[in-house]
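In: with the input below, show me the fold.
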Amino acid sequence: MGESDEDLVLKAQQGDRQAWNALCQRHAPRLAAYLGGRLRRPAIIDKLVADVVSGAWKHLIDLQRPGDFPAWFRRVGGNLTLQWCRKHPEEPLGEAFPFERCGGDEALHQRMDRLDIALAQLSDAQRMALEQHFRGGMDVTALSEALHLDAPAVQALLDDALVALDRLLGPVGP
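Out: Predicted coordinates:
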């Protein structure tokens, strides 16, 4: 895993851009998964994450407790996303899965679109848990901290979400 978040934050607060890069490499996918659990617009999420990375760098010095970085980073992202939603109330929160993200593979696009439609039907908690676990790469311990649940509750949430997703997807054809 390398250096702790706290050590990296302290270095980044002193201007170490490599430490900031390491933090962003670790937490940007988690942030994208967190934001994508609510706003299912990949291009908008990409832009918001980029804005958070640049904006958070400017305000990192204000973070008083370096160990709070993951929650602080999510909060910055959540606030920026909320601002985006308020500025664009006419914009839908979801869209069809983008074909260009499938490398021109129509069969993959159909599978991804089907998965995206199924994910949209899950509860917010289920979708957030799956997004952060699979896309964000968060293990049960990290999810427990992020979701403010104990490990057995997180595991139960993931299990329930996977069962619900399996039911929504139904049998997969050839």
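In: could you use CA atoms for every contact and neighbour count after this?
Out: OK.
In: all strands for this structure, in order.
Out: For the chain, applying DSSP state E gives no strands.
In: for the spatially most central residue of it, give me its contacts.
Out: With distances taken as Cα atoms, centre = their mean, residue 33 lies nearest the centre of the chain, 1.6 Å away. Going by Cα atoms under 8 Å, 6 or more residues apart in numbering, residue 33 touches 128, 131, 132, 135, 136.
In: try residue 24
Out: Contacts of residue 24 (Cα under 8 Å, 6+ apart): residue 53.
In: residue 58 versus residue 125, what's the distance?
Out: 31 Å (Cα to Cα, to the nearest Å).
In: more crowded one of those two?
Out: Using other Cα atoms under 10 Å as the criterion, residue 125 and residue 58 rank with residue 125 on top: 15 against 11.
In: residue ranges with poor pLDDT in this structure?
Out: Of all residues in the chain, those with pLDDT under 70 make up the ranges 1, 172-174.
In: show me where it has helices.
Out: 5-13, 17-36, 42-59, 69-87, 106-120, 124-130, 140-147, 151-169 (DSSP state H).
In: and of those, who's closest to residue 93?
Out: Judged by Cα to Cα, the one of these that comes nearest to residue 93 is helix 69-87, at 8.3 Å.
In: list the buried residues in that closest one.
Out: Buried residues in helix 69-87, defined by neighbour count with 16 or more other Cα atoms under 10 Å: 69, 70, 72, 73, 74, 76, 77, 78, 80, 81.
In: neighbours around residue 122, how many?
Out: 17.
In: before we move on, back to that, got the helices of the chain as JSON lines, with distance to residue 100 columns?
Out: As requested, those are exported to JSON lines (distance: least, Cα to Cα, whole Å):
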{"stretch": "helix 5-13", "distance to residue 100": "34"}
{"stretch": "helix 17-36", "distance to residue 100": "17"}
{"stretch": "helix 42-59", "distance to residue 100": "11"}
{"stretch": "helix 69-87", "distance to residue 100": "23"}
{"stretch": "helix 106-120", "distance to residue 100": "9"}
{"stretch": "helix 124-130", "distance to residue 100": "23"}
{"stretch": "helix 140-147", "distance to residue 100": "30"}
{"stretch": "helix 151-169", "distance to residue 100": "23"}
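In: of all those helices, which lies closest to residue 99?
Out: Nearest to residue 99, of the helices of the chain and by Cα to Cα, is helix 106-120 at 5.7 Å.
In: residue 66 and residue 5 touch, don't they?
Out: Yes. Counting by Cα atoms under 8 Å, residue 66 touches residue 5, with 7.4 Å between them.
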